[in-house]
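A.B. asks: Fold the following, please.
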Amino acid sequence: MPQSLAKFECSISSSMSTAIDQIQRIQDQVHTLIERYRLAISELEEKSLQVENLSRELTLQKQKGSTMQSEIEQLRLLMAFNGTQAERQALKSQLNEWVREINKCLAQLNA
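C.D. replies: Predicted coordinates for the structure are as follows:
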C-alpha cells in the first residue's frame, strides 16, 4: 500500500471520528435541551394551576369582604336604632345621604 494512500485513510479515519464526536455532542445537547423543555413545561403547568387556585381564592375573599361590609352596615343600623340620640342622628344623616343617592340614580335613569 502506498504511503500517500495510508495517510489519506488515516486522515479520513480521524476526520470521521471527529465528525462522530461532534454528532454525539450535538445529540447530547439536543437531549439536554429536550429535558429542560419538558421540565419548563411541567413547571409552567404547576404555576398555571397555582394562579387559578389563587384567583379562585381571591374571588372568594372578595365575596367574604363584601358580605362582611354588608353585615357591618346592618349592625350599625341596629345599633343606631338602639343607641343614643347622637347615634340616631347619625343614622338619620346616613339615611338622608342614601335617599339623595337613590334620587340621583333615579334622575339619571329617567333622563
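A.B. asks: what about M79, how many neighbours?
C.D. replies: Under the neighbour criterion other C-beta atoms under 10 Å, M79 is assigned a count of 13. All C-beta spots, glycine's among them, are computed from the backbone N, C-alpha and C.
A.B. asks: Would you check that it makes contact with E87?
C.D. replies: Yes: shown here, M79 and E87 form a contact pair, counting by C-beta atoms under 8 Å, at 6.5 Å.
A.B. asks: Looking at the helix ranked longest in the chain now, give me its mean pLDDT.
C.D. replies: Counting residues, the longest helix found in the chain (DSSP state H) is helix 3-82. For helix 3-82, the per-residue pLDDT values average out at 85.
A.B. asks: Which positions within whatever helix or strand comes next after it qualify as buried?
C.D. replies: Reading on from helix 3-82 to the C-terminus, the next helix or strand found by DSSP states H and E is helix 85-110. Taking 16 or more other C-beta atoms under 10 Å as the neighbour-count basis, helix 85-110 is seen to contain the buried residues L91.
A.B. asks: Just the mean pLDDT for helix 85-110, thanks.
C.D. replies: For helix 85-110, the mean per-residue pLDDT is 86.
A.B. asks: who does it touch, helix- and strand-wise?
C.D. replies: Using 3 or more C-beta pairs under 8 Å, 6 or more residues apart in numbering; DSSP states H and E as the contact test, the elements touching helix 85-110 are helix 3-82.
A.B. asks: Now do the helix it packs on and helix 85-110, the angle between them.
C.D. replies: When axes from the mean of the first three to the mean of the last three C-alpha atoms, to 10 degrees is applied, the directions of helix 3-82 and helix 85-110 differ by 120 degrees.
A.B. asks: So which elements touch helix 3-82?
C.D. replies: helix 85-110.
A.B. asks: for the helix it packs on, the distance to its chain's centre please.
C.D. replies: 40 Å (C-alpha atoms, centre = their mean, to the nearest Å).
A.B. asks: same deal with stretch 70-77?
C.D. replies: Centroid separation between stretch 70-77 and its chain, computed with C-alpha atoms, centre = their mean, is 34 Å.
A.B. asks: Right, I'll leave it there.
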